[in-house]
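In: coords below, sequence missing:
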């Protein structure tokens, strides 16, 4: 798995593109990035997080769990979280 963060400053939107496999082995590697995104929402740097999933080839229950937790944390922090191409 690899991922890339793309920030659109003017709109305070951040796009997280995820590629490859997001499974029980790879999903924990995404947690620090998720934490940073939530902190960005809490501090007002981002108002919207877009999860771009078109590059994912495989996702298992652990991968889904990490993304659902990210979604919940972003919304709880007052932001918006959108899943694209699930």
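Out: Yep, that arrived. Note that this is a predicted model, so its numbers are computed, not measured. Residues are numbered from 1 along each chain as shown.
In: in the chain, which spans are strands?
Out: 2-8, 13-22, 48-59, 80-84 (DSSP state E).
In: Quick check: phi and psi at the residue nearest to residue 47 when sequence neighbours are not counted.
Out: Excluding the flanking residues, the one nearest residue 47 by CB to CB, 6 or more residues apart in numbering is residue 12, at 4.4 Å. The C-beta positions use only the backbone N, C-alpha and C, and glycine is treated the same way. Note on residue 12: backbone dihedrals following degrees, to the nearest 10 are phi 50, psi 40.
In: contacting residues for residue 73?
Out: Going by CB atoms under 8 Å, 6 or more residues apart in numbering, residue 73 touches 34, 38.
In: how much space between it and residue 37?
Out: Distance of residue 73 to residue 37, given as CB to CB, to the nearest Å: 8 Å.
In: repeat for residue 21
Out: Distance from residue 21 to residue 37, by CB to CB: 20 Å.
In: thought the residue nearest to residue 47 was touching residue 43?
Out: No: taking contacts as CB atoms under 8 Å, residue 12 lies outside contact range of residue 43: 10.8 Å.
In: So for these two, which residue has more residues nearby?
Out: Each of residue 12 and residue 43 has its neighbours counted (other CB atoms under 10 Å); residue 12 has more, 15 against 9.
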